[in-house]
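S.K.: After the sequence you'll find the predicted model.
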Amino acid sequence: MNTKLKVSEISKIYPGCIANDKVSLEFGSGKIYALLGENGAGKSTLVKILSGVVKPDEGEVFLNNESIKLNSPLDAKKNNIGMVFQHFNLFETLSVFENLSIDSDKKDEELRELVNDILKKYNFKIDLDIPVLNLSAGQKQKVEIIRCLIRNPKVLIMDEPTSVLTEQETDDLFISLKQFSKDGILIIYITHKLKEVLSLCDEVAVMRKGKVVSVSNTIDEKIESLANKMVGENLNTIKKKINNFKNSEEILKISNLNFKSDDPYETNLNNLNLSLKKGECLGIAGISGNGQNELFQILSGEIITEGTSIMFRNKEIGKLNPRERREYLMAFSPEDRISQAAVPELKIYENVALNNFKSSNFFEKGLVNEKKIKEHSKKILSNFSVNTDNVELKSQFLSGGNLQKLIIGRELITSPELLVCFNPTWGLDVGAINYIHETLIQINEQGKSSILISTDNDELLKLSDRICVIYKGKLSKIMNADTVTAEKLGILMGGGSID
Amino acid sequence: MSFDLNFIGILIGAIMASSVPLILAASGELITERSGVLNLGVEGMMIIGAISGFALMVVTDNLFFAVVGSMLSGLIISLIFGLLTQSLLTNHVATGLALTIFGIGMSAMIGKNFVGIPGKEFPLLFVNLKESIPFLGPVFFGHSIILYFAFGLPFLTNYFLKKTKTGLIIRAVGDSPTSASNQGINVTLVRYSCILYGGAMCGLAGAYLSLIYTPQWIENMTGGRGWIALALVVFATWSPIKVLIGALIFGGITILQLHMQAVGLRIPVQLLSALPYIMTIIVLVVISRDSRKIKLNTPTSLGQIFYKEK
């Protein structure tokens, strides 16, 4: 079964932005195609058009040389185009089986048999009778995939599928996708992660500002060449100067940090000790869920632990809450931008005002000093090149990269002595990542310190002066960054030892 | 007070009768809410059902037309709610409140000419069985057909939601209208249907009051039962069987406290009158305290406006 899919001269214009500008592409079965681009490049709009969720203003879609109309998701289904969205389209309170049966015409028994066959064939392990809300992100994605497979799809579109997956789950997904491709399904893989394109896909189309800028075989591409096409300019590679901190003054010392949680989903921390010097960046690596969350919350003061000593600039701050710690010039950038760091429904300047302390004078006699906050916010927007100057904009309309710039900017504009950040570039595109990295290097150069908790090893190796690994709530030995390699980190992250 | 088994049977029969309007209205609203629509107009739809049922009975002298007409008028008034919230995307809460106020005013206006007119006797089933069997007779027999329907309805609703495809689609829409729409389900149509069904059931609940329970028209005769029905749905955590239990407890304590007042117990009347509300909430909270089940039964999108991306 050979499938050919062709989009021809597709255009979609939203008020104020051309999402797709005369996009033409051709795909054939037996290959995995990457659609690569930064956030807002128009990839998602294109796949929404292919799945019938959005109607194009102009252009046509051809399946096996026949023009098809995709006016609704039903049309896409009828034409055997399956789609797995980045934000899952599942019904959380319904069981897995109910989720699958809702758009199937088959009898329950038949469907169950079919699903069990699929589970066996692709080695998926999912209990069909538990509610979806009890599944992990990886399992939910499998449910979405199964939902497509039930309909014998000719085309399977995956929209940024790995953004919610762990490394192990990503590996599993790639194995499955290659299998689907062998079985004759045409796969279109949307992403902004360059490594994935090279390791998974056969051909790659790069989109920028709504246009297709290049189509090529992945064999002919390298990470740098793809990154440049994606961003449209030559990215300067950042390199950090390795410093010698022997004579620097110690700014932070944590001893005997223990944390025991009642919540079975949290990780206990076991006798953590660390220290940090002025101008230094300490990287903490690890697979997510090994205690990073808890460590971050203890550093920020969201969790107060008994018997722990946290000395910051020669003062004991272990009992202080986040706001009091900010008064002592600590700053924090949590992992979850949307729910922890900012309130998406609030305007930009209101989000800035949330991070107030005495010296900021945002509030006077219980009243909001709007003018002052707005001025302050404008300064953040321009100093940290956030892509808007409208402080009245609701934060939810900022892209991930711009929101992260706003958050980092909000933290840094008070010139803190220490910045603690947790996965600051998670889910961002290359341009934004580059900017955040430059900023983090800059603060070290200004003699300020930082703690970088991250699950991205490249980032850690690039930015840290010293690195340690957190595994099951315990810290490894702290090593100088120039003696550490990705392999060493990998061993430690998996619980091994390297001496 | 002598212990009379037959008297207890009659008491239970009365309790069942008094809970019928709550069961009907709450079962209807439950379906509406399961599709993600919060219609606070229950009280208004009930009272419209009550007056139109009674008026049709007087005008046509036909109880069948009266009952069907009350359901139709409940349906029509809920159609207003549907148009506003589903097509014009107004806020569910505000629109529902307006619907209640509108219903109460409208019914008083229509009802002016019907005050003081005596009702017609509604046929009761198995009256001879009621009298010949002690205790069980007055419990199970001698009721109107609407009562039997009302007591079957929660079980039917439960089966419908859990076992049928349509029920599954309604739950899916209530869980996530966006996902449902992306699956090709016509969310607006599903929600309209659920709103209309809820309206018809509320109309029927109103007709039960004005045709059977107290067969006459009195202004404001629903007396807050619509609000109780709404509360029942929430406290029963959207489970039809628990709605039935809650309605029976509420009806039961209402009747019992009336008897206690009549006996002249030295408890303040205000406290006795508050008892049904307090006890119903306590019992429902206790029987539905499994937080996992609550999460699974709660329509996640309740009260959220849905519109389709173009």
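M.R.: Looks like it came in fine.

S.K.: Hmm, B:I80 is touching B:L99, no?
M.R.: Yes: applying CB atoms under 8 Å, one finds B:I80 in contact with B:L99, separated by 6.9 Å. Using the backbone N, CA and C atoms, a C-beta is placed for each residue, glycine as well.

S.K.: more crowded one of these two?
M.R.: Summary of the neighbour comparison: B:I80 and B:L99, criterion other CB atoms under 10 Å in any protein chain shown, with B:L99 having more neighbours (25 against 19).

S.K.: right, and the helix or strand after the helix or strand the more buried one falls within?
M.R.: B:L99 is part of helix B:92-111 when elements are defined by DSSP states H and E. Using DSSP H and E, the helix or strand that directly follows helix B:92-111 along the chain is helix B:127-132.

S.K.: What are the boundaries of the helices in chain B?
M.R.: Under the criterion DSSP state H, helices of chain B are mapped to B:5-34, B:42-60, B:63-82, B:92-111, B:127-132, B:136-140, B:145-163, B:165-175, B:177-182, B:187-207, B:225-235, B:240-263, B:269-287, B:291-297.

S.K.: So what touches the fifth one?
M.R.: Going back to what we said before, that points to helix B:127-132. Counting by CB atoms under 8 Å, 6 or more residues apart in numbering or on different chains, helix B:127-132 makes contact with B:137-138, B:140-142, all of which sit outside it.

S.K.: Averaged pLDDT, it. What do you get?
M.R.: Model confidence over helix B:127-132 averages 83 on the pLDDT scale.

S.K.: Check which residues of that helix are buried.
M.R.: Buried residues in helix B:127-132, defined by neighbour count with 16 or more other CB atoms under 10 Å in any protein chain shown: B:K130.

S.K.: what's the answer for the third one, then?
M.R.: By neighbour count on 16+ other CB under 10 Å, the buried set for helix B:63-82 is B:63, B:66-78, B:80-82.

S.K.: Next: the second one.
M.R.: For helix B:42-60, a neighbour-count test (16+ other CB under 10 Å) marks B:42-58 as buried.

S.K.: what pLDDT, on average, does it get?
M.R.: Averaged across helix B:42-60, the pLDDT comes to 96.

S.K.: What helices and strands are in contact with that helix?
M.R.: Counting contacts by 3 or more CB pairs under 8 Å, 6 or more residues apart in numbering or on different chains; DSSP states H and E, helix B:42-60 packs against helix B:5-34, helix B:63-82, helix B:92-111, helix B:187-207, helix B:225-235.

S.K.: Mind putting those helices into JSON lines with mean pLDDT and distance to chain A?
M.R.: Output for those, formatted as JSON lines (pLDDT from 0 to 100; distance: least, CB to the nearest CB, whole Å):
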{"stretch": "helix B:5-34", "mean pLDDT": "93", "distance to chain A": "11"}
{"stretch": "helix B:63-82", "mean pLDDT": "96", "distance to chain A": "22"}
{"stretch": "helix B:92-111", "mean pLDDT": "96", "distance to chain A": "18"}
{"stretch": "helix B:187-207", "mean pLDDT": "97", "distance to chain A": "12"}
{"stretch": "helix B:225-235", "mean pLDDT": "93", "distance to chain A": "16"}
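
S.K.: So A:N402 versus A:Q340, what's the distance?
M.R.: Relative to A:Q340, A:N402 is positioned 17 Å away (CB to CB, to the nearest Å).

S.K.: Those two - which one has more neighbours?
M.R.: Set side by side, A:N402 and A:Q340 show more neighbours around A:N402, with 24 against 18, by other CB under 10 Å.

S.K.: follow-up on the earlier one: could you look over the helices and strands packed on helix B:42-60 and pick the most buried one?
M.R.: Among the helices and strands packed on helix B:42-60, ranked by average contacts under mean count of other CB atoms under 10 Å in any protein chain shown, first place goes to helix B:187-207 (a mean of 26).

S.K.: thinking again about what came up before, just how off-centre is the helix holding B:L99 within its chain?
M.R.: For helix B:92-111, the distance between its averaged C-alpha position and the chain's averaged C-alpha position is 16 Å (CA atoms, centre = their mean, to the nearest Å).

S.K.: Can I get it in CSV, CA atoms only?
M.R.: Extracted in CSV, the C-alpha atoms of helix B:92-111 (Å, rounded to 0.1, in the frame of the first residue of the first chain):
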residue,chain,number,x,y,z
HIS,B,92,-24.1,29.8,32.2
VAL,B,93,-24.6,31.0,35.8
ALA,B,94,-25.9,34.5,35.0
THR,B,95,-28.2,33.1,32.3
GLY,B,96,-29.6,30.3,34.6
LEU,B,97,-30.3,32.8,37.3
ALA,B,98,-32.1,35.1,34.8
LEU,B,99,-34.1,32.1,33.7
THR,B,100,-35.3,31.4,37.2
ILE,B,101,-36.4,35.0,37.8
PHE,B,102,-38.1,35.0,34.4
GLY,B,103,-39.9,31.7,35.1
ILE,B,104,-41.2,32.9,38.5
GLY,B,105,-42.5,36.2,37.1
MET,B,106,-44.0,34.6,34.0
SER,B,107,-45.8,31.9,35.9
ALA,B,108,-47.3,34.5,38.3
MET,B,109,-48.6,36.5,35.4
ILE,B,110,-50.1,33.5,33.6
GLY,B,111,-51.4,32.1,36.9
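
S.K.: Wasn't A:K12 part of a strand?
M.R.: Yes: according to DSSP: H, G, I helix; E, B strand; the rest coil, the state of A:K12 is that of a strand.

S.K.: any idea what sits nearest it, other than its immediate chain neighbours?
M.R.: A:N20 (4.3 Å; CB to CB, 6 or more residues apart in numbering or on different chains).
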